[in-house]
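> okay, predicted coordinates and the sequence, questions at the end:
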Amino acid sequence: MTKVYSNIGRLNHVAIAVPDIMLASDMWHKALGANVSEPQTLPEHGVKVVFIDSPNTKVELLEPLNENSPISNFLKKNPNGGMHHICYEVSDLKSASLKLKAVGATILGNGNPKIGAHGNPVIFLKPSDFSGTLIELEEIK
């Protein structure tokens with residue numbers, strides 16, 4: 001019998017890259033009545049983020065901090081913005097990483113977790129391994 005190391009949990013958020021986070025936040029608030037968080041700057045990820053709460057998940061708006069940000073490259077291809085990634089929760093990121101490597105999935109970067117916007121360790125998975133979708137896994141204890 002094959003040992004299962006870890007499975008995805010609930011959807012934590014859907015991330016949308018935007019060229020102007022304040023303009024986008026304003027539209028979400030005014031048009032949809034969304035509750036928008038204060039902006040956070042995450043230099044290690046090269047982004048500024050806000051979170052929009054909804055009853056069953058969150059939407060994360062991402063703006064690049066500079067031209068070296070991965071979001072800058074995304075916006076060059078999608079100048080108006082668009083869905084960037086989806087994030088799932090896992091209870092044990094180390095076990096999830098072992099399972100991913102065992103089945104041949106690719107963890108982006110050096111494979112080591114970084115601290116995400118919620119203060120928890122995160123990893124990103126190669127989009128071509130997941131039907132062209134960038135997946136983020138966030139450890140939630």
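Alright, I've got the coordinates.
> run the chain-centre distance for the helix ranked longest in the chain.
Ranked by number of residues, the top helix in the chain under DSSP state H is helix 21-32. In terms of C-alpha atoms, centre = their mean, to the nearest Å, the centre of helix 21-32 is set 19 Å apart from its chain centre.
> ok, residues contacting that helix?
Contacts to helix 21-32, defined as C-beta atoms under 8 Å, 6 or more residues apart in numbering, come from residues 16, 18, 34-36, 39, 48-50, 52, 59, 61-63, 81. For every residue, glycine as well, the C-beta is placed using N, CA and C.
> can I get the CA coordinates of that helix in CSV?
Coordinates of each C-alpha in helix 21-32 appear next as CSV, following Å, rounded to 0.1, in the frame of the first residue of the first chain:
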residue,chain,number,x,y,z
ILE,A,21,-3.9,47.7,-6.4
MET,A,22,-5.6,50.8,-5.1
LEU,A,23,-7.8,51.2,-8.2
ALA,A,24,-8.6,47.5,-8.2
SER,A,25,-9.4,47.5,-4.4
ASP,A,26,-11.6,50.5,-4.9
MET,A,27,-13.7,48.7,-7.6
TRP,A,28,-14.1,45.6,-5.5
HIS,A,29,-15.2,47.7,-2.6
LYS,A,30,-17.5,50.1,-4.4
ALA,A,31,-19.0,47.7,-7.0
LEU,A,32,-19.2,44.5,-4.9
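> low-scoring stretches of this protein, by residue?
Where the chain drops to pLDDT under 70, the residues are 1-6.
> which parts of it are helices?
Using DSSP H, the helices assigned to the chain run over residues 21-32, 70-77, 93-102.
> residues making contact with the shortest one?
In other words, helix 70-77. Outside helix 70-77, the residues that reach it (C-beta under 8 Å, 6+ apart) are Ala17, Pro19, His45, Gly46, Val47, Leu62, Glu63, Pro64, Asn66, Gly81, Gly82, His84.
> what's the distance between the residue lying closest to Lys48 once chain neighbours are set aside and Ile123?
Sequence neighbours aside, Glu63 is the residue nearest to Lys48 in space, at 4.6 Å (criterion: C-beta to C-beta, 6 or more residues apart in numbering). Distance of Glu63 to Ile123, computed by C-beta to C-beta, to the nearest Å: 22 Å.
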